[in-house]
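[1] here you go, sequence then predicted model.
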Amino acid sequence: MTDAGFRALTLATAVLFAAMALASPMACGGVWRLCSFDAQIVPYSPAEARAYLQAIGPAIWRYLWIVQPLDLVFPAALCLLIREAAARWAPERGARRLGKMAVIYAGIDYLENAVVRLMLERPGGDFPDIAARAASGLTLVKWLVLAILGIALALLWLRRRSAS
């Protein structure tokens, strides 16, 4: 990928993230600080998931028809961005490992999105408790993998900057 292509992919990924954040319901009745299933970095219970769905009420359409479709594109874009950054900044073996971790992240994010969709389609809370527990667990694993990738890429970028 050219430098211009890398910059364009970085910008597109950032725009997708911003669009998802801005489209997410902004008020959730104090159930959570960040009003999105995907943003929770601490585990949540089935009761909290149900309370969230009740609190966002009619704004659920924003999650279903704006946030979730954008979140079909975002994991792929972020995965490509991570893989390209790793290819640019890491030795070949490290780049392969980080690239595989990026694919794992995307898979986890897509699975999380599917489970969240199951809950969103049942705003009355008539989904099984295991759905909320699975979504919460997948969200935690996703954030853990992203944190590892982010730290690794930041260290690679800093090393590259200090070498030049």
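    Received it, and whenever you're ready, just let me know what you need. The model shown is predicted, which means the values in this text are computed figures rather than measured ones.
[2] all strands of this protein, in order?
    With DSSP state E as the definition, the chain shows no strands.
[3] longest single helix anywhere in it?
    The residue-count maximum for a helix in the chain (DSSP state H) belongs to helix 129-163.
[4] how far off centre is that one?
    Using Cα atoms, centre = their mean, to the nearest Å, the mean C-alpha position of helix 129-163 is found 9 Å from that of the whole chain.
[5] can you check stretch 70-90 too?
    In terms of Cα atoms, centre = their mean, the centre of stretch 70-90 is found 12 Å from the chain centre.
[6] give me the contacts around it.
    1, 6, 9-10, 12-13, 16-17, 19-20, 23, 38, 94-95, 98-99, 101-103, 105-106, 109-110, 113, 149, 152-153, 156-157, 159-160 (Cβ atoms under 8 Å, 6 or more residues apart in numbering). C-beta coordinates here come from the backbone N, C-alpha and C atoms, glycine included.
[7] narrow those residues to those in helices?
    6, 9-10, 12-13, 16-17, 19-20, 23, 94-95, 98-99, 101-103, 105-106, 109-110, 113, 149, 152-153, 156-157, 159-160.
[8] out of these, which end up buried?
    6, 9, 13, 16, 20, 23, 95, 98-99, 101-102, 105-106, 109, 113, 149, 152-153, 156 (16 or more other Cβ atoms under 10 Å).
[9] buried ones in stretch 117-129?
    Quick answer for stretch 117-129 (16+ other Cβ under 10 Å): 117, 119-120, 123, 127.
[10] okay, those in TSV with pLDDT next?
    Output for the buried residues of stretch 117-129, formatted as TSV (pLDDT from 0 to 100):
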residue	pLDDT
Arg117	94
Met119	94
Leu120	92
Pro123	87
Phe127	96
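[11] of those residues, which is the nearest to Thr139?
    Of all those, Met119 has the smallest distance to Thr139: 12.0 Å, by Cβ to Cβ.
[12] the closest one against Phe127, yeah?
    Yes: contact criterion Cβ atoms under 8 Å: Met119 and Phe127 qualify, at 5.0 Å.
[13] tell me what the longest helix of the chain is packed against?
    helix 46-56, helix 68-89, helix 92-120 (3 or more Cβ pairs under 8 Å, 6 or more residues apart in numbering; DSSP states H and E).
[14] list the buried residues in it.
    131-136, 138-143, 145-146, 149, 152-153, 156.
[15] Arg62: which of the helices and strands packed on helix 129-163 is closest?
    Of the helices and strands packed on helix 129-163, nearest to Arg62 by Cβ to Cβ is helix 46-56, at 8.2 Å.
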